[in-house]
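Asks: From the sequence below, what's the structure:
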Amino acid sequence: MRKQGLVILATAGLAAPASAQLSRTVVYGDTTTNIPRVRTWSGSAWSAAAATLDIGGSPRWVVVDNCPIRSEMIAAVGDSQDDLNVMVYNGSAWGSLLQANSDIGTDSDRAFCLAYEQASGDALLAYRVGNTDSTLYYRTWDGTSWSSESSTSYSGSGNPRYIKLVPKPDSNEIMALVLDSKKDVSALVWNGTSWGNKTLLDNNAQLAGSELMDAAYERVSGRCLVVWSVKNTGTPSYEIWNGSSWGSELLLPSIGGKGDWARLAADPASNKIIAMFLDTSADVNVVEWSGSTWGSVTELETSASATDRRAIDVAFEPAGTRAIAAYGTSSQDYLYYRTYSGSSWSAEQTGPNLSDPVGIVQLSASGSGQEILIGVETKNDGALAFMRWTGSTIADYQTLASDLGGPNSVECFMFSPSVAGSTSTPRIVSWQEVDPGS
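Replies: Next up is the predicted model:
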């Protein structure tokens with residue numbers, strides 16, 4: 001007699017096993033040394049500062065990412081000599097230091113980015129070289145070694161000033177965005193082995209010297225939403241990559257002012273994406289994408305603490321649905337924030353007194369509940385302040401570094417991602433009934 005069969009579930013979308021997890025870390029610059037510092041978050045406190053490796057110049061921009069399948073982390077650091085260095089943490093020590101290039105053309109803009117493929121665990125590093133127009137240089141990391149330098153063209157006509165890499169969950173696909181010196185916004189797609197589907201999104205962006213574009217993948221459909229700000233208009237544009245082709249350029253609702261900085265945050269539990277903008281008039285606005293339409297714009301602030309740097313950020317709680325948007329206000333030393341319930345925004349709330357206005361804000365969802373780590377680089381002092389959103393309040397405020405070094409307008413710190421792997425929902429891909437025997 002046949003007995004009850006077995007149902008086979010796909011594991012795609014599950015977090016990586018515990019052996020592949022790394023503790024939360026923050027990597028940051030230090031005005032006294034050419035060696036970036038690192039601290040580890042225990043869940044309740046930060047470790048003392050420790051050294052990484054000597055990069056030969058004062059750290060400027062920092063990008064950090066965790067491998068989805070190994071206990072491994074990569075830090076990419078642009079320095080004061082326009083060098084780009086990468087180093088790998090293998091779970092116990094930093095190593096594999098490589099100067100990817102000795103001239104990325106700038107230390108005032110982030111002309112590089114780093115991301116792991118979420119299926120294979122290979123990493124992609126993309127960057128500028130000198131003043132070369134219309135060319136993106138790149139290397140890959142396979143867990144053992146870096147590839148030699150390669151290059152590919154993109155659709156814009158200038159040299160890169162901001163590069164953004166956004167990996168697709170449960171896939172080897174990575175979306176690349178390039179804002180160049182001619183104010184072109186280009187996109188191209190990495191499929192795990194090669195570049196393709198290159199497109200010029202815009203040849204007249206609002207600025208060349210601020211990260212006015214961003215991308216995020218809808219967590220259920222897998223489509224990628226790309227948003228950017230257009231010259232002399234308060235109406236940002238967007239396009240959707242559906243995995244095989246680009247849609248047409250469409251418009252968001254008006255945010256009033258001309259956008260300088262853009263941030264997108266994807267809801268882990270739906271296709272919803274929140275877009276946040278800081279404009280030239282120092283206004284801060286948010287608007288929600290449902291997966292098919294845009295909602296109404298909510299103005300959070302009319303006098304932001306800065307427009308020459310990213311004094312805003314937004315993130316969903318790890319469990320999804322709810323989000324928090326944080327920002328600075330002019331002539332105030334507090335971090336301000338509002339929470340999103342899934343349908344509406346709260347009144348403005350006040351965070352801790354930083355003893356200096358907000359310069360740069362970074363939010364990083366942590367774990368699988370409601371915690372979000374918050375880092376603030378102060379506007380004048382260049383200090384690194386930390387606090388966390390618990391799901392109900394902001395707690396654990398402390399100063400992690402008194403001076404990150406270099407211009408205070410550069411983002412000289414980054415939290416590592418909380419989970420090495422995808423946080424998307426597991427799904428049934430097949431089932432098979434078997435006879436286990438009598």
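Asks: hang on, residue 314 packs against residue 265?
Replies: Yes. Counting by C-beta atoms under 8 Å, residue 314 touches residue 265, with 4.6 Å between them. Any C-beta I mention is one placed from the backbone N, CA and C, and that applies to glycine too.
Asks: any residues in contact with both of these two?
Replies: 274, 276, 323 (C-beta atoms under 8 Å, 6 or more residues apart in numbering).
Asks: which one of these is nearest residue 71?
Replies: residue 323 (29.5 Å; C-beta to C-beta).
Asks: so how far is residue 367 from that closest one?
Replies: Distance of residue 323 to residue 367, given as C-beta to C-beta, to the nearest Å: 16 Å.
Asks: Of these two, which one has the most company?
Replies: Neighbours were counted for residue 323 and for residue 367 using other C-beta atoms under 10 Å; residue 323 has more, 26 against 15.
Asks: In which helix or strand does the residue nearest the centre of the chain reside?
Replies: Geometric centre of the chain, nearest residue: residue 166, 7.3 Å, by C-alpha atoms, centre = their mean. Using DSSP states H and E, residue 166 maps to strand 160-167.
Asks: Sheet-wise, list the partners of that strand with their directions.
Replies: strand 174-180 (antiparallel) (DSSP bridges).
Asks: All the strands of the stretch 301-438 of the chain, in order from the start?
Replies: Applying DSSP state E, counting those that start in this stretch to the stretch 301-438 of the chain gives strands spanning 312-316, 323-328, 334-340, 349-353, 358-365, 372-378, 384-389, 394-401, 413-415.
Asks: could you dump these to TSV with mean pLDDT?
Replies: What follows is the strands of the stretch 301-438 of the chain, written out as TSV (pLDDT from 0 to 100):
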stretch	mean pLDDT
strand 312-316	98
strand 323-328	98
strand 334-340	98
strand 349-353	98
strand 358-365	98
strand 372-378	98
strand 384-389	98
strand 394-401	97
strand 413-415	98
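Asks: Buried deepest among these, which one?
Replies: Of the strands of the stretch 301-438 of the chain, the one with the most neighbours on average (mean count of other C-beta atoms under 10 Å) is strand 323-328, at a mean of 27.
Asks: Pull the residues that contact that one.
Replies: For strand 323-328, with C-beta under 8 Å, 6+ apart as the criterion, the contacting residues are 265, 267, 274, 276, 278, 284, 286, 300-301, 304-306, 311-317, 334-340, 345, 351, 357-359, 361, 363, 372, 374, 376, 379, 389.
Asks: Mind doing that once more with 6 Å?
Replies: 274, 276, 284, 286, 301, 305, 311-314, 316, 335-340, 357-358, 361, 372, 389 (C-beta atoms under 6 Å, 6 or more residues apart in numbering).
Asks: is residue 389 in a bridge, and if so with what?
Replies: Here residue 389, judged by DSSP bridges, has bridge partners residue 372, residue 394.
Asks: ignore the last one, residue 41
Replies: Bridge pairing for residue 41 - DSSP bridges - gives residue 24, residue 46.
Asks: same thing with residue 338?
Replies: Residue 338 has these beta-bridge partners by DSSP bridges: residue 325.
Asks: Likewise for residue 190?
Replies: residue 174, residue 195.
Asks: burial count for it?
Replies: Neighbour number of residue 190 under other C-beta under 10 Å is 24.
Asks: what's the distance between it and residue 197?
Replies: 10 Å.
Asks: Got the confidence number for residue 421?
Replies: pLDDT recorded at residue 421 is 37.
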